[in-house]
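Student: Everything below, folded, please.
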Amino acid sequence: MRAFEVNGAVLDEFSDALWLEDGLSRNTLQSYRSDLQQFGEWLAKKRDEKNSFLDASHSDLLAFLADKVSARVKAATTSRELSSLKRFYRFLLRQGKIQVDPSLNIETPKLPRNLPASLTETDVEALLDAPDVKLPLGVRDRTMLEVLYASGLRVSELISLQIAQVSLGMGVIRVTGKGGKERLVPLGEDALEWVSRYVTEIRSGLLDGRSSNALFITARGSCMTRQAFWYLIKRYARQAGIIKPLSPHTLRHAFATHLLNHGADLRVVQLLLGHADISTTQIYTHVARERLKRLHSTHHPRG
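Tutor: Residues are numbered from 1 along each chain as shown. From the prediction side, this is the model:
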């Protein structure tokens, strides 16, 4: 059997195992596969076509990473690729396909975790006010922005919300996050009012007799895509005069930052964001530290 056939079969097994064990999304599985395919292609080019993943050595992995550094690939990308390789070779060892894990004793570099760019509360107010709520689509867009800022959802979680996941009576939404994990997130009065208005006055008109379980739909009655919603955010940011760099997670970061600024506990923010590990939420700890410094400076007699 040729090397690429062996590699493809092993990658299929690995992807299936990740899906069964962790319930990872298709995008995450594709990222693993892409990283490993790059290594497989490098291995075939560097040695010969007969080699597969199963033949890779410790020195092969080091040489692959060294090539990445020489090519000035971003440290974060190289670190992610090494993580993919480590997980992959642990899987192969567990399956008895290899006798020695070639990724052992290769340390993953510690990367600085910078706080993502966020918006001020004034910026957020301007962004929320940007849609023209005299128009049906303006009400929909305002509602989506309000929900995003009130809940800290990922954009993918927002656009995949189903009507059944919203409880207007309880004031919460049931979110299915990464790995299929569910969490309940409160909405707050403003967001609830907009959701109620959108559902009772706008949504059925957008559907125009069509059927859909999705909460937020397009003018054609279909589910909105990440790309379409990201385009809307950029358009409304321009209208609001916001010139800061934005990302699809901008309102999610603003949600976390503003909660901490107003005294929320980091563990609470972790639960609301749906982070499995507190270490992921700790990129926001410097926000809390800055707030404590301001409080100390203002209120301590020797501040």
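
Student: Need the residues that contact the helix or strand harbouring residue 79.
Tutor: Using DSSP states H and E, residue 79 sits in helix 75-94. Applying CB atoms under 8 Å, 6 or more residues apart in numbering, the external contacts of helix 75-94 come out as 10, 14, 17, 31-32, 35-36, 38-39, 53-54, 61, 65, 68-69, 98-103, 106, 108-109, 111. All C-beta spots, glycine's among them, are computed from the backbone N, C-alpha and C.

Student: roughly how far is it from the heart of the chain?
Tutor: From the chain centre to the centre of helix 75-94 is a distance of 20 Å (CA atoms, centre = their mean, to the nearest Å).

Student: Distance check, residue 156 against residue 22.
Tutor: 17 Å (CB to CB, to the nearest Å).

Student: And for residue 16?
Tutor: 12 Å.

Student: Could you point out which residue ranges in the chain have low pLDDT?
Tutor: Scanning the chain with the threshold set as pLDDT under 70 gives 1-7, 23, 47-51, 109-117, 179, 248, 264-266, 268-269, 271, 274-303.

Student: What segments of it are helices?
Tutor: Counting by DSSP state H, one finds helices in the chain at the ranges 3-22, 26-46, 58-70, 75-94, 121-129, 136-151, 155-159, 189-197, 203-207, 226-239, 250-261, 266-273, 278-281, 285-299.

Student: Which of those sits closest to residue 220?
Tutor: helix 203-207 (8.6 Å; CB to CB).

Student: Return the set of buried residues in the closest one.
Tutor: Residues of helix 203-207 classed as buried: 203, 206 (neighbour count, 16 or more other CB atoms under 10 Å).

Student: again, but for stretch 12-24
Tutor: For stretch 12-24, by 16+ other CB under 10 Å, it's 14-15, 18, 24.

Student: Now tabulate those in TSV and tack on distance to residue 210.
Tutor: Below are the buried residues of stretch 12-24 laid out as TSV (distance: CB to CB, whole Å):
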residue	distance to residue 210
14	40
15	35
18	36
24	32
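
Student: chain center to stretch 151-162, what's the gap?
Tutor: The answer for stretch 151-162 is 10 Å, by CA atoms, centre = their mean.

Student: cool, and stretch 207-214?
Tutor: Taking mean C-alpha positions (CA atoms, centre = their mean), stretch 207-214 and its chain are 28 Å apart.

Student: And the contacts of that stretch?
Tutor: By CB under 8 Å, 6+ apart, stretch 207-214 touches 159-164, 217, 221-224.

Student: could I get those as TSV with neighbour count?
Tutor: Shown next, in TSV, are the contacts of stretch 207-214 (neighbours: other CB atoms under 10 Å):
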residue	neighbour count
159	21
160	18
161	23
162	14
163	12
164	9
217	19
221	15
222	14
223	16
224	20
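
Student: gap between residue 123 and residue 149?
Tutor: Taking CB to CB, one finds residue 123 at 11 Å from residue 149.

Student: the more surrounded of those two?
Tutor: Neighbour tally, residue 123 and residue 149, criterion other CB atoms under 10 Å: the higher count belongs to residue 149, 23 against 17.

Student: Correct me if wrong: the more buried one contacts residue 256.
Tutor: No. With contact defined as CB atoms under 8 Å, residue 149 does not reach residue 256; the gap is 10.9 Å.

Student: Tell me which of the helices of the chain approaches residue 169 most closely.
Tutor: Nearest of these (CB to CB): helix 189-197, 9.9 Å.

Student: re earlier: selection in PyMOL covering whichever of the contacts of helix 75-94 are buried, please.
Tutor: A single PyMOL command is used to select the members of those judged buried by 16+ other CB under 10 Å:
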select buried, resi 10+14+32+35+36+39+53+61+65+68+98+101+102+103
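
Student: quick revisit: quick one: the helices of the chain as JSON lines, columns for distance to residue 178 too.
Tutor: Below are these laid out as JSON lines (distance: least, CB to CB, whole Å):
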{"stretch": "helix 3-22", "distance to residue 178": "9"}
{"stretch": "helix 26-46", "distance to residue 178": "8"}
{"stretch": "helix 58-70", "distance to residue 178": "26"}
{"stretch": "helix 75-94", "distance to residue 178": "16"}
{"stretch": "helix 121-129", "distance to residue 178": "25"}
{"stretch": "helix 136-151", "distance to residue 178": "15"}
{"stretch": "helix 155-159", "distance to residue 178": "9"}
{"stretch": "helix 189-197", "distance to residue 178": "22"}
{"stretch": "helix 203-207", "distance to residue 178": "27"}
{"stretch": "helix 226-239", "distance to residue 178": "15"}
{"stretch": "helix 250-261", "distance to residue 178": "13"}
{"stretch": "helix 266-273", "distance to residue 178": "11"}
{"stretch": "helix 278-281", "distance to residue 178": "11"}
{"stretch": "helix 285-299", "distance to residue 178": "21"}
